[in-house]
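show me how the following folds:
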Amino acid sequence: MLNYKSAIAFLFCTILLANCGHEQTNDITKLNWMLGNWQGVDDQGLRFSENWIASGTTGFTCKGSVTAANGDTIYKEVLKIEKLGNELFYISTVPEQTGPVHYKIESMTEKSVMFTNRN
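Residues are numbered from 1 along each chain as shown. The predicted structure is shown next:
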């Protein structure tokens with residue numbers, strides 16, 4: 001009986017330690033800091049604007065644009081962060097593209113997130 005309890009305790013500790021230090025990357029609520037308006041200017045003078053809003057409990061949507069210094073719109077895009085299956089994806093749709101581009105979440109911290117497209 002002691003061996004059985006020891007094995008269960010060992011298994012529990014192994015699972016617990018395996019999850020220590022790893023941020024759960026499928027919890028959309030950990031990205032709530034992204035909600036709202038974001039604006040900025042890059043080193044070439046292009047201005048970006050994004051407005052992120054929650055869309056239900058499984059995602060965010062955003063309308064974004066990039067404009068030149070003279071006010072001309074370079075492009076507009078529709079952005080989403082959605083939970084597909086058990087993973088979060090950043091999805092970009094730009095009119096010039098043939099369809100949406102999916103970026104899978106790679107990592108997340110308290111104030112940052114990284115998505116990648118390996119295609």
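
okay, CA-based contacts and neighbour counts for the rest of this
OK.

where do the helices of this structure begin and end?
2-19 (DSSP state H).

quick one: low-confidence ranges for it?
Applying pLDDT under 70 to the chain picks out residues 1-24.

buried residues, the lengthiest strand in the chain. List them.
The longest strand of the chain (DSSP state E) is strand 73-84. Of the residues in strand 73-84, 76, 77, 78, 79, 80, 81, 82, 83 count as buried by neighbour count, 16 or more other Cα atoms under 10 Å.

hang on, the third one packs against residue 60?
No - Residue 78 sits out of contact with residue 60 when judged by Cα atoms under 8 Å, with a separation of 10.8 Å.

so who does residue 81 touch?
Residues in contact with residue 81 (Cα atoms under 8 Å, 6 or more residues apart in numbering) are 59, 60, 61, 88, 89, 90, 91.

can you show me the strands along this protein?
Under DSSP E, the chain gives strands at 36-41, 47-54, 59-67, 73-84, 87-93, 101-108, 113-116.

strand partners (parallel or antiparallel) of the third one?
Translated: strand 59-67. In the sheet, strand 59-67 lines up against strand 47-54 (antiparallel), strand 73-84 (antiparallel) (DSSP bridges).

what's the answer for the fifth one, then?
Taking DSSP bridges as the criterion, strand 87-93 forms sheet pairs with strand 73-84 (antiparallel), strand 101-108 (antiparallel).
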